[in-house]
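Student: Sequence first, predicted coordinates after that:
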Amino acid sequence: MGNQLRDAAGHRMDSRAHHRPVARDHEQDDERGDETQEGERGFQLGVADRLPYRARAFTLHARTRTQMFSGKANWDEIARAVEALEIPVIGNGDVQTGEDIVRMRDHTRCAGIMIGRGAFGNPWLFRDGRALLEGGPAPATPTAAERFRVALRHARLALRLQGDTRKTVIEFRKHLGWYTKGLHGASELRQRLFQIESIAEAEAIFLTYLGPVAAVA
Ligand SMILES: Cc1cc2nc3c(=O)[nH]c(=O)nc-3n(C[C@H](O)[C@H](O)[C@H](O)COP(=O)(O)O)c2cc1C
């Protein structure tokens, strides 16, 4: 490869990627001559050099295509992207807890963190991460009543957005399952929630779980 970076398809790229994040075309490369030798870190941008516009940020889900969602995301690759690029790099992959948010920041020095599956049934993750990043203590974990309240609010928003139909309710069952993860008796609760035909049924199940004097929404 010499002093030139090449992407997976063998296209020549700007080897000063950490100075100039978006690769230039061949003519521009030729104009720069030997300057392109400076700062090569071996990081291959792949897609970025074929974009028709200048990228302002770069998000990396550090898994290979064959891994899909399994195996461990390679945070070292995110750290390499941070090193190689001047634009903000957003790290992604395997962030499940507030502690993971801090670990990814410390491991990669990324400018931002993108969260996927970790937020399923746990929108408190963002609050937890922010608190820990600011050096504060982790907020208290949400109570069952708080989880149910947010789950129902989420459900009503989904109905509003996607249509108040049986299909929306059926699709939402899995979210209700995620909201109950870790609760005492969660598997039994989940079994019942996976059979609901309306959000009113979910509310009734939550009320039964909490006891006779409870109100969740
Ligand atoms: C339900 C679901 C839908 C997704 N949709 C997209 C998508 O439309 N575009 C995309 O680039 N990535 C998509 N992803 C991938 C996520 O953005 C993310 O890269 C991946 O889930 C890894 O992060 P995580 O370990 O935090 O989940 C999706 C992931 C999930 C679970």
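Tutor: All right, it came through fine. Numbers count the residues shown, from 1 in each chain.
Student: Please count neighbours and contacts with C-alpha atoms only from this point.
Tutor: Fine.
Student: mind giving me the domain split of this protein?
Tutor: With domains defined by automatic domain parsing, the chain comprises 5-133, 144-210.
Student: Looking at those domains, spot the one closest to the ligand.
Tutor: Taking C-alpha to the nearest ligand atom as the criterion, domain 5-133 is the member of the domains of the chain that comes nearest to the ligand, at 3.5 Å.
Student: coming back round to it: can you flag the weakest of the domains of the chain by average pLDDT?
Tutor: Among these, domain 5-133 carries the lowest mean pLDDT, at a mean of 74.
Student: which ones are touching the residue nearest the centre of the chain?
Tutor: When C-alpha atoms, centre = their mean is applied to the chain, the residue found nearest the centroid is Ile115 (2.0 Å). By C-alpha atoms under 8 Å, 6 or more residues apart in numbering, the contact list for Ile115 reads 92-93, 95.
Student: Put the alpha carbons of stretch 203-211 into PDB.
Tutor: Taking C-alpha atoms only, stretch 203-211 is exported to PDB below (Å, rounded to 0.1, in the frame of the first residue of the first chain):
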ATOM      1  CA  GLU A 203     -52.500  -0.700  31.800                       C
ATOM      2  CA  ALA A 204     -54.800  -3.200  33.600                       C
ATOM      3  CA  ILE A 205     -51.900  -5.700  33.800                       C
ATOM      4  CA  PHE A 206     -49.600  -3.000  35.200                       C
ATOM      5  CA  LEU A 207     -52.200  -2.000  37.800                       C
ATOM      6  CA  THR A 208     -52.700  -5.500  38.900                       C
ATOM      7  CA  TYR A 209     -48.900  -5.900  39.300                       C
ATOM      8  CA  LEU A 210     -48.600  -2.800  41.400                       C
ATOM      9  CA  GLY A 211     -51.500  -3.600  43.700                       C
END
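Student: mind listing what's buried in that stretch?
Tutor: Buried positions in stretch 203-211, judged by neighbour count with 16 or more other C-alpha atoms under 10 Å: 203, 205-207.
Student: Check stretch 161-179 too.
Tutor: Result for stretch 161-179 [16+ other C-alpha under 10 Å]: buried residues 168-170, 172-173, 175-179.
Student: hey, where'd the strands end up in this protein?
Tutor: Assigned by DSSP state E, the chain shows strands spanning 5-6, 12-13, 58-61, 89-92, 112-114.
Student: quick one: is the fourth one near the ligand?
Tutor: If I follow you right, that is strand 89-92. Yes - using C-alpha under 6 Å from any ligand atom, strand 89-92 reaches the ligand at Asn92.
Student: Can you get me a residue count around Phe69?
Tutor: As a burial measure, Phe69 scores 14 neighbours (other C-alpha atoms under 10 Å).
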